[in-house]
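Chemist: The sequence and its predicted three-dimensional model are supplied below.
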Amino acid sequence: MNRRTGLCKVALLLVSMPCVGSMPCAGAELFYMDHNPFTNEYVGPTGPLVISGEIVPGDYDRLLSRILEDEDRFLSQNKIILASDGGDVVEALKIAQLIKSLFTEVIVGPLTGRCVSACFFIYAGANQRGTDGERLIGINRPYIANSEAVSAPDAAIAESTALARVRAFLRENTVPDYLIDEMFRRASDDAYWLSADDEKNLGYRSPAFSRYLMKKCAWDDEVERASYAGKRPMDELKQMMKCRTRVTQDAARQALVPVSKERAARGAAGKSLSGP
C-alpha cells in the first residue's frame with residue numbers, strides 16, 4: 001500500500017465511537033413522529049422525521065431515500081428531530097451538508113433523546129436549530145480508528161488531517177472557538193453538555209441563513225422578538241414566516257434535484273459493476 005492510499009483509508013475511519021463486537025452496526029432509525037417532541041401532544045401522521053440511534057456508513061443514502069420517497073410529506077414540515085448518541089463522523093458530515101442545503105430545521109427534545117458526539121455535527125450544520133432544555137447537546141473529541149495496514153507515522157498524519165477537516169467544518173458553521181476547544185479537550189467518551197448560554201452563543205439560526213432571510217423575506221429580528229414579547233401584532237411576523245416557508249421549500253426542492261440524480265447514477269453504476 002502506498003503512503004497516499006494509506007492516509008486516505010485512515011482518514012475515512014474517523015468516527016465518534018466504534019461499533020462494538022463482531023455484529024455490524026444496524027444504522028440509525030428513520031421514522032415520522034406523530035407526537036410533539038416537546039409537549040408529547042399528538043400531531044398526527046404529518047409529524048417531523050426522526051433520526052434516532054447510532055449513525056453508520058450508509059445512513060446518508062437511507063435518509064435521502066426516505067426524503068425522496070415522499071418529498072411533499074417531508075417538506076410540509078422540513079424538520080428533523082435528532083436523537084443520537086453519535087457514530088460515524090464522516091457520515092454525519094454528509095448528512096449535515098444535505099440538511100443544510102435543504103434549509104431543514106433540526107430540533108432536540110427531552111422526550112425523544114439527546115444529540116451527542118457525531119450527532120452534534122448535524123445539529124451545528126443546520127441553518128435552523130433548537131432544543132428544549134439543557135444537557136441535550138453533548139460534544140467530545142472525535143474518535144480515530146487506526147488501521148493496522150498503515151504505519152504509525154502515516155496514521156498520525158492521517159489523524160491530524162482528519163481532525164483538521166472537523167475543525168474546518170465547525171468554523172465554517174460558526175461554532176464558537178471556545179466550544180471547539182472544549183470538544184478537542186474532551187476524551188471521546190467524556191461529553192461536555194451545552195448549557196443554555198452555550199446554545200445561545202451557538203445560535204438558533206446560522207448567520208448565513210439570517211442573511212438569506214433578510215434578502216429574500218426582509219426578515220427583521222427585532223420584529224420577531226417584539227411579536228413574541230407581545231409588543232407588536234403578530235401579522236407582520238406571520239407574513240415573514242410565510243415567506244420563509246415558501247422560499248426555503250422552493251430552495252429545498254431545487255437542491256433535491258442534483259442529489260437525486262447523483263443517487264440514481266450511483267445506483268446504475270453499482271448495477272453495472274455487479275453484472276446481470
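Modeler: Thanks, I have the structure now.

Chemist: which element is the residue nearest to residue 103 when sequence neighbours are not counted on?
Modeler: Leaving out its chain neighbours, the residue that sits closest to residue 103 by C-beta to C-beta, 6 or more residues apart in numbering is residue 248, at 3.9 Å. Every residue, glycine included, has its C-beta placed from N, CA and C. When elements are assigned from DSSP states H and E, residue 248 belongs to helix 235-274.

Chemist: tell me which residues of the helix or strand where residue 90 lies are tucked away?
Modeler: Assigned by DSSP H and E, residue 90 belongs to helix 89-101. Using 16 or more other C-beta atoms under 10 Å as the test for burial, helix 89-101 gives 89-101.

Chemist: Need the contact partners of it.
Modeler: Helix 89-101 is touched from outside by 12, 14-16, 51, 55-60, 63-64, 80, 106, 118-119, 121-122, 124-127, 142, 166, 169, 252, 255, 259, with contacts defined as C-beta atoms under 8 Å, 6 or more residues apart in numbering.

Chemist: can you tell me the average pLDDT over it?
Modeler: On average, the pLDDT along helix 89-101 is 95.

Chemist: following that helix, which helix or strand shows up next?
Modeler: That would be, after helix 89-101 and using DSSP H and E, strand 105-108.

Chemist: model confidence over that next one, on average?
Modeler: The average pLDDT for strand 105-108 rounds to 96.

Chemist: so how far is stretch 50-64 from its chain's centroid?
Modeler: Distance, stretch centre to chain centre, for stretch 50-64: 10 Å (C-alpha atoms, centre = their mean, to the nearest Å).

Chemist: Quick check: residue 136 vs residue 196, distance?
Modeler: 10 Å (C-beta to C-beta, to the nearest Å).

Chemist: okay, those two: which has more neighbours?
Modeler: Legend: neighbour count by other C-beta atoms under 10 Å for residue 136 and residue 196, higher for residue 136 (22 against 10).

Chemist: Pull up the per-residue confidence for residue 14.
Modeler: 50.

Chemist: So residue 82: helix, strand or coil?
Modeler: Secondary structure state of residue 82, per DSSP: H, G, I helix; E, B strand; the rest coil, is strand.

Chemist: For the helix or strand containing residue 153, name the packing helices and strands.
Modeler: In this assignment (DSSP H and E), residue 153 forms part of helix 152-172. With contacts taken as 3 or more C-beta pairs under 8 Å, 6 or more residues apart in numbering; DSSP states H and E, helix 152-172 sits against helix 3-11, strand 14-15, helix 89-101, helix 118-125, strand 143-144, helix 177-185.

Chemist: gap between that helix and the chain center?
Modeler: Its chain's C-alpha centre and that of helix 152-172 lie 19 Å apart, by C-alpha atoms, centre = their mean.
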